[in-house]
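Peer 1: Any chance you could fold what I've pasted below:
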Amino acid sequence: MEPQDVNKAIMKTVFAWMVVLTDIILTVVIHACSNNCLTCSGVSSCNTCKNGYYIGYNVDNNQYTDDCSLSCPDNCISCTSYYNCSKCNDGYYNGRHYPSSNAVTYHCQHKCRDNCISCTSYDNCTQCKNGFTGDLCDRCIDGKFGNLCDQNCPLTCLACSSLTNCSKCIGKHWGNSCQQCPANCLNCSSSSTCSSCDKGFHGQICNKQCNVNCLDGRCDQLTGNCNDGCVAGFYGNFCDMKCSNDCVNLTCDRVHGTCKTGYNAINSATGNEDANGIIIGAAVGGVIILIIIVVLVAAVVLLARRLKRLENSNTALTSNTDLSYYNINNAFVGANTDTRQADVNQSTTVYDTDTDTRLADVNQPTTVYESLTTTGVNRFADYSSLELQDVPTSELPNDHTVQLDPGVQYYNVSAK
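Peer 2: Numbers count the residues shown, from 1 in each chain. Prediction:
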């Protein structure tokens with residue numbers, strides 16, 4: 001290659017690099033933001049600021065600036081002005097200093113409680129220092145104690161205020177020092193009182209074994225009864241009695257021991273006898289009940305008849321005890337001052353020719369006709385209202401009497 005050609009190639013390469021460098025320099029100069037700018041539209045004109053800076057008025061001279069040269073207050077992570085922090089450093093908060101305070105500020109000047117890492121108010125810690133817990137971070141986590149909650153409780157303590165004052169123990173331990181409960185005791189309140197036992201034990205200090213025939217090995221802590229039932233082949237409160245070998249699958253009633261699902265075909269004579277006894281007992285019981293029912297029905301019928309006779313005898317009351325009683329239907333009586341009692345069970349029609357006394361039927365209407373000369377009178381004794389009704393056109397003697405019913409009033413009908 002000729003020397004002049006080499007020189008031309010070198011010049012072209014140098015020119016190309018100069019163009020690239022020029023573009024880089026122009027880009028940096030034109031688009032570079034100030035140190036505290038996050039985004040900008042010019043070297044000295046910021047749109048948004050980095051944390052800790054803001055665009056606005058200087059609190060000292062009230063001059064406006066947009067180059068993010070103004071710092072937020074202390075303890076303020078980000079802000080929109082000197083007096084308006086949007087986020088505080090850990091340990092500080094905005095708002096009222098105390099719940100009872102009136103003044104409200106927003107420049108992160110209020111300090112959280114001593115054991116709070118962060119908070120939203122004086123009484124609401126959102127994160128506590130190690131070893132502390134609670135809304136106020138004022139108590140130790142389980143297993144820790146001391147002013148700084150940095151000391152460990154004894155191994156048997158879940159929570160404590162000192163090495164000798166436990167408020168919560170691990171299982172099977174009790175008391176301020178979390179002593180061990182008696183053997184087989186699941187929970188206890190002292191060395192002599194267990195509130196619950198391990199499976200298979202019972203008693204005040206869980207020192208008695210449940211019967212091995214108790215279902216699932218459990219029994220009542222106080223009585224030792226197998227409350228959940230027995231294993232197959234046993235019955236009774238303590239599951240200490242064996243079911244009959246004749247029972248199918250050795251299953252029998254928990255209380256009485258009778259076979260639940262029947263008897264085996266072999267050696268079942270005893271079972272058949274028991275079954276026959278049950279059938280005979282049921283039959284005898286049924287006969288006794290039937291006899292009692294028959295006696296009661298007979299007694300009711302006899303009582304009803306007796307009451308009916310008493311009612312009839314009471315109804316047949318009259319002022320003359322020597323008179324006979326008659327069932328008179330369409331009867332003619334010829335003698336004067338003749339007295340008859342109307343039938344108390346049927347409607348009765350009585351004819352007479354002179355003044356008489358008649359007893360009105362208390363069960364059904366009774367019609368009595370009387371004749372004086374050629375004129376007739378109809379008298380009807382109404383049982384429901386107990387009133388006397390007269391049909392006109394009659395001359396009756398004074399003191400003509402109609403008896404209505406025993407135990408009620410008597411009515412006198414005067415001549416009209």
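Peer 1: Contacts only, for Cys37.
Peer 2: 46-50, 67-68 (CB atoms under 8 Å, 6 or more residues apart in numbering). Where C-beta positions appear, they are placed from N, C-alpha and C, glycine not excepted.
Peer 1: Go again with 6 Å.
Peer 2: With contact set as CB atoms under 6 Å, 6 or more residues apart in numbering, Cys37 has these partners: 46, 68.
Peer 1: Ok, Cys49 next?
Peer 2: 36, 38, 68.
Peer 1: so which of the residues you listed is the most crowded?
Peer 2: Comparing the contacts of Cys49 by number of neighbours (other CB atoms under 10 Å), Cys68 comes first, having 25 neighbours.
Peer 1: wait, isn't it in contact with Ser45?
Peer 2: No. Counting by CB atoms under 6 Å, Cys68 does not reach Ser45; the two are 9.9 Å apart.
Peer 1: what sits in contact with each of these two?
Peer 2: Shared contacts of Cys68 and Ser45, defined by CB under 6 Å, 6+ apart, are absent.
Peer 1: If you count contacts, what does the helix or strand hosting His110 end up packed against?
Peer 2: Per DSSP states H and E, His110 falls inside strand 104-111. Using 3 or more CB pairs under 6 Å, 6 or more residues apart in numbering; DSSP states H and E, the elements in contact with strand 104-111 are strand 84-88, strand 92-96.
Peer 1: which residues of the chain fall in helices?
Peer 2: Applying DSSP state H to the chain gives helices spanning 3-31, 269-315.
Peer 1: least reliable of those going by mean pLDDT?
Peer 2: When these are compared by mean pLDDT, helix 3-31 comes last with a mean of 59.
Peer 1: could you list every residue that touches Cys119?
Peer 2: 93, 112, 125-126.
Peer 1: swap in Asn58?
Peer 2: By CB under 6 Å, 6+ apart, the contact list for Asn58 reads Leu70.
Peer 1: how much space between it and Ser34?
Peer 2: For Asn58, the distance to Ser34 (CB to CB, to the nearest Å) stands at 16 Å.
Peer 1: still on that earlier bit, a markdown table please, covering the helices and strands packed on strand 104-111 and showing mean pLDDT, mean neighbour count and distance to Cys72.
Peer 2: Converted to a markdown table, those look like this (pLDDT from 0 to 100; neighbours: other CB atoms under 10 Å; distance: least, CB to CB, whole Å):
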| stretch | mean pLDDT | mean neighbour count | distance to Cys72 |
| --- | --- | --- | --- |
| strand 84-88 | 95 | 19 | 6 |
| strand 92-96 | 95 | 19 | 12 |
